[in-house]
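> no sequence on this one, just coordinates:
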């Protein structure tokens, strides 16, 4: 299955699952009056809204390259992730507001019967399944939008567990646990939003990838038998993908055709890394006195040896 089809299918699965969870939680909330279940219903409604945005964003980001976007549309993904973060913050704020106003009013409805506890337990299990599925596809396809969604699902598991504890505690005679659990849910929701923003800012501001990836780029360049060294190795994110530029050092007696073949081989080797998009290689012959010491290259080479 192509990357485009895979991402779109995951987006549709997430949307349908969140809509189903919202519907079930909303019915149980109306029946039981549990604030913890209500907060989880609000969370699922927010999840459904951003799932629709994610599905639309994944459709756009998987469109082929065109004249206006010669490198494709993948750079839309970090913006989709920030929309997800905005929805997460709104949901967390709404849940916190309802919990605080309930605590201040002193009027707390305690749900009776097993319905509230059952729907929260089922919701947590469903979110665990979604988390594992979405994270697996996100890692395989290098998708920041899906990774943001996976993080939200992971924290929904913890939030659902807190809500379940609140419902059970309230039924056991401690009604304050229900709005307190809703507050815990709101904090978990907000923390997820912070994680999503933090992760995607790196993509948007052109941050450097991990040392592991940069060391792998350097190793592939130096693996060529005719490359004597490298310097000025620069790797940075352009959207969710990495652009690379580097200087390789070769003997000055190398012919133009041979230098071209060396440069092409290095470009192809580095570009074969899944996270890498474009690679720019500058060839420095020894006789021009452009070979130089680069402390960052030394550090990355030492890092590679330690792995």
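It's in. None of the values given here were measured: they were computed from a predicted structure.

> Tell me the secondary structure at the residue with the largest distance to the centre of the chain.
Distance from the C-alpha centroid of the chain peaks at residue 253, with 47.4 Å (Cα atoms, centre = their mean). Following DSSP: H, G, I helix; E, B strand; the rest coil, the label given to residue 253 is coil.

> can I see the domain layout of this protein?
3-204, 211-306 (automatic domain parsing).

> Please identify the deepest-packed of those.
Highest mean neighbour count of the domains of the chain: domain 3-204, a mean of 20 (counted as mean count of other Cβ atoms under 10 Å). (Each C-beta comes from the backbone N, C-alpha and C, glycine too.)

> tell me the SS of the residue lying closest to residue 292 once chain neighbours are set aside?
Nearest residue to residue 292 in three dimensions, chain neighbours excluded: residue 231, at 5.5 Å (Cβ to Cβ, 6 or more residues apart in numbering). Classification of residue 231 using three-state DSSP returns strand.

> ok, now which ones touch residue 231?
246, 247, 249, 284, 291, 292, 293, 294, 297 (Cβ atoms under 8 Å, 6 or more residues apart in numbering).

> before we move on, the earlier item: against residue 230, how distant is the residue farthest from the centre of the chain?
The gap separating residue 253 from residue 230 is 19 Å, by Cβ to Cβ, to the nearest Å.

> what do you get for residue 188?
45 Å.

> Then residue 28?
Distance, residue 28 to residue 230, by Cβ to Cβ: 61 Å.

> now for the one helix or strand residue 30 maps to, which elements pack on it?
Assigned by DSSP states H and E, residue 30 falls within helix 3-32. Applying 3 or more Cβ pairs under 8 Å, 6 or more residues apart in numbering; DSSP states H and E, we find helix 3-32 packed against helix 35-61, helix 115-141, helix 144-171.

> closest one to residue 85 among these?
Taking Cβ to Cβ, helix 144-171 is the member of the helices and strands packed on helix 3-32 nearest to residue 85, at 7.1 Å.

> what about the closest one, average pLDDT?
On average, the pLDDT along helix 144-171 is 78.

> Could you tell me the angle between that helix and helix 3-32?
Angle of helix 144-171 versus helix 3-32, following axes from the mean of the first three to the mean of the last three Cα atoms, to 10 degrees, is 20 degrees.

> now the helix or strand hosting residue 86 against helix 35-61, angle please.
Following DSSP H and E, one finds residue 86 within helix 77-105. Interaxial angle, helix 77-105 versus helix 35-61 (the same axes, to 10 degrees): 170 degrees.

> tell me how far helix 77-105 is from the chain's mean position?
Distance of helix 77-105 from its chain centroid, counting by Cα atoms, centre = their mean, to the nearest Å, is 19 Å.

> Check which helices and strands it sits against.
Against helix 77-105 (3+ Cβ pairs under 8 Å, 6+ apart) you get helix 35-61, helix 144-171, helix 177-204.

> Would you agree residue 152 is in contact with residue 89?
No - look at residue 152 against residue 89 with Cβ atoms under 8 Å: they stay out of range, at 11.5 Å.

> any weak-confidence spans in this structure?
1, 71-72, 106-113, 287-290, 304-307 (pLDDT under 70).

> which residue is nearest the centroid of it?
residue 147 (2.8 Å).

> pretty sure it is in contact with residue 199, am I right?
Yes - the criterion here is Cβ under 8 Å, and residue 147 meets it with residue 199 at 7.0 Å.

> In contact with residue 15, which residues are there?
Taking Cβ under 8 Å, 6+ apart, one finds 48, 51, 52, 54, 55 in contact with residue 15.

> Look up how far residue 115 lies from the closest residue to the last one other than its chain neighbours.
The shortest distance from residue 55 to any residue other than its chain neighbours is 3.8 Å, reached at residue 11 (Cβ to Cβ, 6+ apart). From residue 11 over to residue 115 the distance is 31 Å, taken as Cβ to Cβ.

> still on that earlier bit, might you report the residue contacts of the residue nearest to the centre of the chain?
Counting by Cβ under 8 Å, 6+ apart, residue 147 touches 81, 135, 138, 139, 199.

> ok, now residue 44?
By Cβ under 8 Å, 6+ apart, the contact set of residue 44 is 18, 21, 22, 25, 123.

> these two touch, right, the third one and residue 48?
Just to be clear, that refers to residue 22. Yes - the pair residue 22 / residue 48 is scored as a contact, 5.4 Å apart, by Cβ under 8 Å.

> re the thing from before, dump the helices and strands packed on helix 77-105 to TSV, plus distance to residue 3.
Shown next, in TSV, are these (distance: least, Cβ to Cβ, whole Å):
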stretch	distance to residue 3
helix 35-61	10
helix 144-171	11
helix 177-204	17
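
> Out of the ones you listed, which is closest to residue 97?
helix 177-204 (8.4 Å).
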